[in-house]
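Asks: have a look at this fold, sequence not included:
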């Protein structure tokens with residue numbers, strides 16, 4: 001992935017559009033928090049009813065109230081950085097889990113199980129009594145009243161607000177393509193992609209029409225960034241090695257994996273030498289790389305790019321993202337991707353009590369280029385904001401601006417090759433793959449998960465077997481009726 005990998009306290013915040021899961025206790029934790037009290041149990045899910053409006057700063061115990069929206073990379077890092085402070089912290093997320101997103105593509109390609117890369121947020125903050133976790137959907141911010149607005153009409157007061165709301169897929173004005181070309185941001189996305197890939201092989205096994213079978217065995221990935229490259233390489237290995245002995249009527253090794261990129265090279269964020277190496281490695285795996293080919297049409301049966309039509313039943317989107325609606329909530333300036341334009345101290349212009357971090361913001365790095373939307377950047381921003389909050393509460397006004405330190409970029413190509421760009425040194429091949437693997441294992445949460453992932457990777461490396469080849473979520477396994 002395009003990451004130096006995250007640790008136990010970081011995961012990206014996902015799209016903020018689904019309904020919140022709600023439990024109705026005798027008294028709403030939202031109302032309790034709005035009244036400045038602590039709920040009897042942080043394990044209760046909130047009802048999103050009305051909350052009492054309080055204008056006084058601090059909770060009923062005089063503690064400074066910090067609300068963090070998003071339990072992603074930056075959000076959890078901010079929670080960790082505020083440990084030991086006399087604060088009342090509320091962490092709001094529309095999902096109950098922390099996702100190790102750099103390995104999400106391995107769930108999508110049947111290499112790992114979902115439980116190996118995700119953990120309950122409540123579990124991660126269970127020893128932090130000052131932290132209350134709410135499973136809820138934020139729909140806006142009233143900066144005048146200093147309240148976070150929740151789906152269902154409720155709201156919570158804050159003294160300091162940290163928005164770490166992440167990003168979602170961007171289809172560049174073609175949102176209707178999402179139904180045919182899912183992206184890869186959440187566990188649900190990963191299991192959907194996995195299901196589509198595995199069902200394509202199953203349906204090809206019973207299809208007798210050569211043209212329809214060929215379309216079923218054609219897999220298209222749009223976007224040749226780290227996610228696209230990793231998906232393409234792994235799907236090619238899945239077809240040519242893992243699945244080949246399992247089918248009787250088809251040769252999965254004949255499957256086409258097509259990687260389409262509108263730009264002039266794959267991995268455009270890496271050095272040109274590494275990009276060229278990655279392309280050659282993909283082509284050796286059997287991936288067809290199409291460069292300078294913008295997609296003009298995407299449907300359930302075909303993709304049109306560069307004036308050519310390719311019949312396919314499986315398309316995966318890895319071409320871009322757009323920020324969460326945080327800028328719209330605040331009526332603040334944003335760039336074309338919807339990212340908040342924050343000040344050097346990561347606050348929103350005109351609102352020094354509101355911070356924004358991660359994929360939802362844009363800010364210049366040391367070389368003048370925007371800070372990339374990767375895990376290390378969000379983690380650094382989360383730590384910085386926590387430092388700023390602590391120093392402000394001590395009355396310190398001499399706070400330096402945020403300074404991003406880029407440690408490097410990594411991407412893997414199949415199960416034995418990778419590229420690493422540290423800037424001062426560039427690595428490729430098997431040694432880069434081992435470094436990539438150790439980095440991921442190191443930043444996983446818990447010994448059990450580390451051992452499980454190591455064993456899975458070892459089994460794949462030695463035997464080409466992937467344990468996650470399960471078609472789930474109640475998918476229909478039919479859909480293609482064999483010819484009579």
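Replies: Nice, I can see it. What you are looking at is a predicted structure, and each value in this text was computed from that prediction instead of being measured.

Asks: now do the helices in this structure.
Replies: 29-34, 73-81, 104-108, 121-124, 187-206, 210-216, 226-237, 272-284, 326-330, 375-393, 430-443, 447-463 (DSSP state H).

Asks: the last one vs helix 430-443, what angle?
Replies: This points to helix 447-463. Between helix 447-463 and helix 430-443, the angle comes out at 160 degrees (axes from the mean of the first three to the mean of the last three CA atoms, to 10 degrees).

Asks: buried stuff in stretch 127-141?
Replies: 128, 130-141 (16 or more other CB atoms under 10 Å). Just so you know, the C-beta spots here come from the backbone N, C-alpha and C atoms, and that holds for glycine as well.

Asks: now the end-to-end length of that stretch.
Replies: End-to-end distance for stretch 127-141, by CA to CA, to the nearest Å: 29 Å.

Asks: got it, and stretch 323-334?
Replies: End-to-end distance for stretch 323-334: 10 Å, by CA to CA.

Asks: distance from stretch 323-336 to the middle of the chain?
Replies: Stretch 323-336 sits 19 Å away from the centroid of its parent chain (CA atoms, centre = their mean, to the nearest Å).

Asks: what do you get for stretch 159-166?
Replies: The chain centre lies 17 Å from the centre of stretch 159-166; the measure is CA atoms, centre = their mean.

Asks: so for it, mean pLDDT?
Replies: Averaged across stretch 159-166, the pLDDT comes to 96.

Asks: could you list the low-pLDDT ranges of this protein?
Replies: Low-confidence segments of the chain, defined by pLDDT under 70: 1-60, 445-446, 462-463, 474-484.

Asks: separation between the residue nearest in space to the middle of it and residue 380?
Replies: With distances taken as CA atoms, centre = their mean, the chain has residue 185 as the residue nearest its mean C-alpha position (4.1 Å). With the distance defined as CB to CB, to the nearest Å, residue 185 ends up 21 Å from residue 380.

Asks: over to residue 280?
Replies: Counting by CB to CB, the gap from residue 280 to residue 380 is 33 Å.

Asks: do the same with residue 213
Replies: Taken as CB to CB, the span from residue 213 to residue 380 is 49 Å.

Asks: one step back: more neighbours: which of residue 280 and residue 380?
Replies: Using other CB atoms under 10 Å, the more surrounded residue of residue 280 and residue 380 is residue 380, with 21 against 12.

Asks: spit out the contact partners of that one.
Replies: Taking CB atoms under 8 Å, 6 or more residues apart in numbering, we find residue 380 in contact with 402, 404-405.

Asks: just the ones of the buried residues of stretch 127-141 in strands?
Replies: With strands taken from DSSP state E, the overlap with those comprises 131-135, 138-141.

Asks: list the contacts of the nearest residue to residue 333 once chain neighbours are set aside.
Replies: Nearest residue to residue 333 in three dimensions, chain neighbours excluded: residue 341, at 4.6 Å (CB to CB, 6 or more residues apart in numbering). By CB under 8 Å, 6+ apart, the contact list for residue 341 reads 332-335, 349, 361-363.

Asks: format those as CSV; extra columns: neighbour count and distance to residue 292.
Replies: Output for the contacts of residue 341, formatted as CSV (neighbours: other CB atoms under 10 Å; distance: CB to CB, whole Å):
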residue, neighbour count, distance to residue 292
332, 19, 36
333, 13, 33
334, 19, 29
335, 13, 25
349, 13, 38
361, 29, 31
362, 21, 27
363, 21, 31
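
Asks: so which of those residues sit within strands?
Replies: Among those, the members falling in strands are 361-362 (criterion: DSSP E).

Asks: residue 233: which of the contacts of residue 341 is nearest?
Replies: Proximity of the contacts of residue 341 to residue 233 (CB to CB) peaks at residue 362, which lies at 30.3 Å.

Asks: run through the residues that contact the closest one.
Replies: Residue 362 sits in contact with 334-335, 337, 339-342, 370-371, where contact means CB under 8 Å, 6+ apart.

Asks: 10 Å instead?
Replies: When contacts are counted by CB atoms under 10 Å, 6 or more residues apart in numbering, residue 362 touches 323, 327, 333-342, 356, 370-371, 373.

Asks: just residue 109 next, same as before
Replies: 190, 193-194, 197-198, 230-238, 242, 466, 468-469.

Asks: from residue 147, how far off is it?
Replies: Taking CB to CB, one finds residue 109 at 43 Å from residue 147.

Asks: try residue 136
Replies: Counting by CB to CB, the gap from residue 136 to residue 147 is 13 Å.
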